[in-house]
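In: need a 3D model of the following:
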Amino acid sequence: MTIKQTLIGTASVLAAIGWCGTAQAQSTAPAPAAAAASAQDDIRPDDIVVSGYRESISKSLEVKRKLSVVGDIVSAEDIGKFPDRNVAEALQRVPGIVINREFGEGERVSLRGTAPNLTKTLLNGHAVATADWFILEQLSATRSFNYLTLPADIVGQLDVYKSPQADVEEGGIGGTINVHTRNPLDLKSLEVTGSLQGVYSELADKVNPQGSALVSWHNPDATFGILLGGVYQKRQTRRDGVEVLGYFTPVGASTGSAQVPSLIGSSLFQQNRERYGGNIGLQFKPSDTLEINVTGLYSRFNANNLNENYLAWGANALGGGGTLTNATVTNGTVVKGTVTSTPGGRAVVYDAIQRKAYAETYSADFDAIWRPNDTATVHFKGGYTEAHGNTASQPFYEGGAPGSFTYDLTGKAPQVQFTGVDPKNPNDLIFDFASLHRVTNTDKEKYAYVDYEQALDLGVVNSLKVGAKFTDHDRVTRFLATTYGGFYLPLAAAGCGGPCTSASFAGELTPDNFLDSIALPGTLTSYFQVDQSKLSTILNGVPGATANRIINPPENYSINEKTYGGYAMAKFGGEGWRGNLGLRVIRTDQLTRGNVVGTGGPGSVTNAFGNFTPVEDKRSYTDVLPSVNLSYDIVPNLVARFAAGRTMARPDYTDIVPRVSLNPGSLTADGGDPSVKPYRANQYDLSIEWYPDRDTIVAAAFYYKDILSYIVNTTTTEVFPVQTSTPNLSLCSTTSTTVPDNLYNCTFAVNRRSNGAGGTNKGVELQVSRPIWGGFGAIVNYTYSDAKSNNGDPIPGNSKHSLNVTGYFEKGPASVRLSYNYRSAFFINIDRATPLNQGATESLDASASFKLTEWASLTADAINLTNNKIEQYAGTRDRPRAIYDNGRQYYFGVRLRY
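Out: Predicted structure coming up:
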């Protein structure tokens, strides 16, 4: 029996789960408005941050049992005791939350079987701007928050809201996560904490530093305090992968409608990750009636990387008149065969892409709470948040060659053998193309909230709360590109002191252990690498006029989104029960701008990429969102909760702008449509929680989401201009401007976003948290999620099963924890005109500390101890998409606290 089977069986017996605590369901105030009983309103976010992991759990359970909403919490003590580099990693142990470590570290979270863009993230009660470091995500800007820019070290508490409530910011059909930074008046008069660690990344074989520090002070009267926090993390990473980038049906092939792999490659991804940032908090409490908080956050994630991929190019070879022989067809896929190009075609392509990339986030908030009398509270919050996700420069080399290759997809990893081309010899590849593009993203928002709460003595009605909001959001993506004729041709002719060849860029061979844990005997495991310094020097060394960039029309867009709204909510309760009933109303005004390609007439523009016309679109819509939450103490240690409400989530930015993101290598694309409507859902929750003692919980939560309309991909065929010297002649035709820019009109399969059928998402979360004996304890949670669309389409982000098991020992100076995470297979999205699915993933992580003195502890952490791989496929296992190996990570150091 495997570890996974054993743990799943254990979870079924235990009725699994953990990480329980308050769900402070409030978008506008730092105090927890979710607590139905008025006594709970005095609890502040950091009240449950205590010394000792078991005590922290106990405090969380005590608060949770008195709530009126369905939710969970992770406190600062919990975060600090795990090997969490960012908040997504800390959240992965919450019931119903899963993450994906595609690059070895969690970046986004999925909640209750929904895609990451349906989870709303708040920072101190308001949405924070977000942007991405990876160019494909920069071009397809999503609303899902990228947690790489939010280090766990600067966080005080994480609240997970699973049921809707009127005073919680709309936008999360899966749920809402509120990230609290610390406040100085909630800490000791002087508190200093810090950590210093080294991290060893196994595949990169490098050790890098990590450090964090926090200083908090307030005066003896606790009327003024200041907090400063900072973090620095550096890590050199490497990811080995074997990829199959898309499938297609060759025109006139003897295999009929069976699909052939477009590209099969061995990919080496290397990155220097550097994350640094800090937060500041100023807190004033000059009287019992007035409190002011001013907070600021800055975080930057430097993400320079090099991705090299040596590929067999079936789509180009067969599209240019080549042949497919010795084919083996299984379930509609040509899983084996030999592909031969024409003498002038391409059977091989090698891409080396160096990206100077980063993502950064700013946030500043002003928060004031005024209590003019004993029964009234006025709250105001305003602020500004901004994020940038840029690929400032992208030196790109591409070489190719005619020839032949034989491939086999039937083993655990794809196998490719080339004829007529030696992957270790750069002289066997023709220098086909180079570019020096730039992609920039800006995301920013200014906002203001005001709330008023009046305590009442009207029988079961305890208080009435009303509020209003305004936000003004801008998202802009710019793609500036160098051209074929203006940049590549002069570069190739004289950029290397003479004609450039592939040898001009060549460096050493791939590492000796490249793909060691993935490859089969026929997998390509060695080829010449492109030298990063040569690539950068040659491409940046061209004259300034040659390196000029121009707009790449279909991938430039902007959106302005204003929201106006308000809510009213009544809090009620009596002996042994509490709840709230409310209504939230929100209007969204949307203005999008983009470019329609291939058009002429008034307002049209012509450049080296063809004709295009700037366009804009305006639309507005209003959502009415009722909600109710009710908690009832059946007996003093048994709590039942019920919640119902309507939720909504706005489409991703790229879903609602007139834009197209092109992939010329596979002749596929993704596009938006300004008429796409939001996700909307009706939601119902029921939970039962048993607290036999202060340290234990056994609970079950049931949820049902009736999603009225999913946003889906509709595949269309559209023609766009492409600059290339290696066109797929079956899908590309020359234009009148092919000289000198090699401009072709090519037919693309475009995934256009549209409103599709609705569906349901229903599931159960089971949890147990229990000390066992002598310092040992366990926390287990299991989630079952059954998500289905009415027309049978797969639901992005839904894993039917997810499991978290944590065993811990804490006694005296020693603390040790082992944490296992599992999520079953799930559908990601449509990519390159084919489904993209991911197989089951699991990880075993560990954390240990030993207290040397009252103020110093030694620490050691490990991530992915079992070195599990990420495996992806295209709808069926007969069509593999990728296998990735990110290796293990080890952390060691010291934690200080005064």
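In: show me where the stretch 51-200 of the chain has helices.
Out: Remark: helices of the stretch 51-200 of the chain, listed N- to C-terminal, are 53-64, 76-80, 87-91, 135-139; assignment by DSSP state H, counting those that start in this stretch.
In: how about the chain?
Out: Counting by DSSP state H, one finds helices in the chain at the ranges 3-14, 53-64, 76-80, 87-91, 135-139, 314-319, 489-494, 532-540, 738-741.
In: mean confidence score for the last one?
Out: In this model, helix 738-741 carries a mean pLDDT of 54.
In: re earlier: need the winner for burial among the helices of the stretch 51-200 of the chain.
Out: helix 87-91 (a mean of 26; mean count of other Cβ atoms under 10 Å). All C-beta spots, glycine's among them, are computed from the backbone N, C-alpha and C.
In: for that one, C-alpha coordinates in PDB please.
Out: As requested, the backbone C-alpha atoms of helix 87-91 are provided in PDB (Å, rounded to 0.1, in the frame of the first residue of the first chain):
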ATOM      1  CA  VAL A  87       1.000  33.100   1.700                       C
ATOM      2  CA  ALA A  88      -0.300  30.500  -0.800                       C
ATOM      3  CA  GLU A  89       2.000  27.900   0.800                       C
ATOM      4  CA  ALA A  90       0.600  28.700   4.200                       C
ATOM      5  CA  LEU A  91      -3.000  28.400   2.900                       C
END
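In: so which other helices or strands are in contact with that helix?
Out: The helices and strands touching helix 87-91, judged by 3 or more Cβ pairs under 8 Å, 6 or more residues apart in numbering; DSSP states H and E, are strand 97-99, strand 157-161.
In: wouldn't Lys285 be in contact with Phe224 here?
Out: Yes - the pair Lys285 / Phe224 is scored as a contact, 7.5 Å apart, by Cβ atoms under 8 Å.
In: mean pLDDT lowest for which of the helices of the chain?
Out: Among those, helix 3-14 carries the lowest mean pLDDT, a mean of 37.
In: redo the helices and strands packed on helix 87-91 as JSON lines? Include mean pLDDT, mean neighbour count and distance to Ile707.
Out: Compiled in JSON lines, these are given as follows (pLDDT from 0 to 100; neighbours: other Cβ atoms under 10 Å; distance: least, Cβ to Cβ, whole Å):
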{"stretch": "strand 97-99", "mean pLDDT": "90", "mean neighbour count": "27", "distance to Ile707": "18"}
{"stretch": "strand 157-161", "mean pLDDT": "86", "mean neighbour count": "26", "distance to Ile707": "18"}
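In: distance of Gln872 relative to Leu667?
Out: Distance of Gln872 to Leu667, computed by Cβ to Cβ, to the nearest Å: 21 Å.
In: then Asp72?
Out: Shown here: Asp72 relative to Leu667, a distance of 45 Å by Cβ to Cβ.
In: look up how far Gln532 lies from Tyr397.
Out: When Tyr397 is compared with Gln532 (using Cβ to Cβ), they lie 11 Å apart.
In: show me the beta-bridge partners of Ser368.
Out: One correction, residue 368 is Ala, not Ser. Going by DSSP bridges, Ala368 is paired in beta bridges with Ile292, Phe380.
In: what's the neighbour count on it?
Out: Residues within reach of Ala368, counting by other Cβ atoms under 10 Å, total 16.
In: contact partners for it?
Out: Ala368 makes contacts with Leu290, Glu291, Ile292, Asn293, His379, Phe380, Lys381, as judged by Cβ atoms under 8 Å, 6 or more residues apart in numbering.
In: can you count the residues close to Thr361?
Out: A total of 26 residues lie near Thr361 under the criterion other Cβ under 10 Å.
In: does it touch Tyr298 like I think?
Out: Yes - look at Thr361 against Tyr298 with Cβ under 8 Å: they come within range, at 7.2 Å.
In: hang on, the earlier thing: right, and the helices and strands packed on helix 87-91 - which one's nearest Glu274?
Out: Using Cβ to Cβ as the measure, strand 97-99 is the one of those that comes nearest Glu274, at 21.5 Å.
In: low-scoring stretches of this protein, by residue?
Out: Using pLDDT under 70 as the threshold, the predicted model of the chain has low-confidence ranges 1-52, 76-85, 736-741.
In: quick check: neighbours shared by Thr361 and Tyr298?
Out: Listed as contacting both Thr361 and Tyr298 by Cβ under 8 Å, 6+ apart are Gly277.
In: circling back to that earlier point, so Asp72 and Leu667 - more neighbours on which side?
Out: Higher neighbour count among Asp72 and Leu667: Asp72, with 30 against 27, using other Cβ under 10 Å.
In: neighbours around Leu766, how many?
Out: Using other Cβ under 10 Å, the number of residues around Leu766 comes to 21.
In: ok, Asp512 next?
Out: Residues near Asp512, counting by other Cβ under 10 Å, number 8.
In: need phi/psi at it.
Out: The phi/psi pair for Asp512 (degrees, to the nearest 10) reads phi -60, psi -30.
In: now do the contacts for the residue nearest the centre of the chain.
Out: Centrality entry for the chain: nearest residue to the mean C-alpha point is Arg108, 2.7 Å, by Cα atoms, centre = their mean. Contact partners of Arg108, counting by Cβ under 8 Å, 6+ apart, are Ala88, Ile99, Asn100, Pro116, Thr119, Ser144, Phe145, Asn146, Tyr147.
In: nearest to Ala503, of the helices and strands packed on helix 87-91?
Out: Between Ala503 and the helices and strands packed on helix 87-91, the shortest gap by Cβ to Cβ is with strand 97-99, which sits at 42.5 Å.
In: ok, longest strand in the protein?
Out: When the chain is scanned for its longest strand (criterion: DSSP state E), the result is strand 430-458.
In: do a quick rundown of the strands in the stretch 551-700 of the chain.
Out: Using DSSP state E, counting those that start in this stretch, the strands assigned to the stretch 551-700 of the chain run over residues 557-574, 577-597, 605-607, 610-635, 638-649, 660-663, 668-671, 679-690, 697-707.
In: give me the sheet partners of the third one and which way each runs.
Out: Pointing back at strand 605-607 there. Applying DSSP bridges, you get strand 610-635 (antiparallel) as the partners of strand 605-607.
In: please identify the buried residues of the partner strand?
Out: Residues of strand 610-635 classed as buried by neighbour count (16 or more other Cβ atoms under 10 Å): Gly610, Asn611, Phe612, Thr613, Asp617, Asp623, Leu625, Ser627, Val628, Asn629, Leu630, Ser631.
In: correct me, but Gly600 touches Asn611?
Out: Yes - in this structure, Gly600 sits in contact with Asn611. The criterion is Cβ under 8 Å, and the distance is 5.5 Å.
In: and Leu324, how close does it get to Val416?
Out: On the measure of Cβ to Cβ, Leu324 and Val416 end up 14 Å apart.
In: hang on, I meant Tyr784
Out: In this structure, Tyr784 lies at 40 Å from Val416, with Cβ to Cβ as the measure.
In: cool, Asp633 as well?
Out: Counting by Cβ to Cβ, the gap from Asp633 to Val416 is 64 Å.
In: if we can go back for a sec, tell me which of the helices of the stretch 51-200 of the chain sits nearest to Ala778.
Out: Evaluated with Cβ to Cβ, these place helix 53-64 nearest to Ala778, the distance being 11.2 Å.
In: packing partners for the closest one?
Out: Based on contacts counted as 3+ Cβ pairs under 8 Å, 6+ apart, the elements that helix 53-64 packs against are strand 71-75, helix 76-80, strand 759-773, strand 801-811.
In: please identify the most buried of these.
Out: Per residue and on average, the most neighbours among those fall to strand 71-75, with a mean of 28 (mean count of other Cβ under 10 Å).
In: quick one: that strand to chain centroid distance?
Out: A distance of 20 Å separates the centroid of the chain from that of strand 71-75, by Cα atoms, centre = their mean, to the nearest Å.
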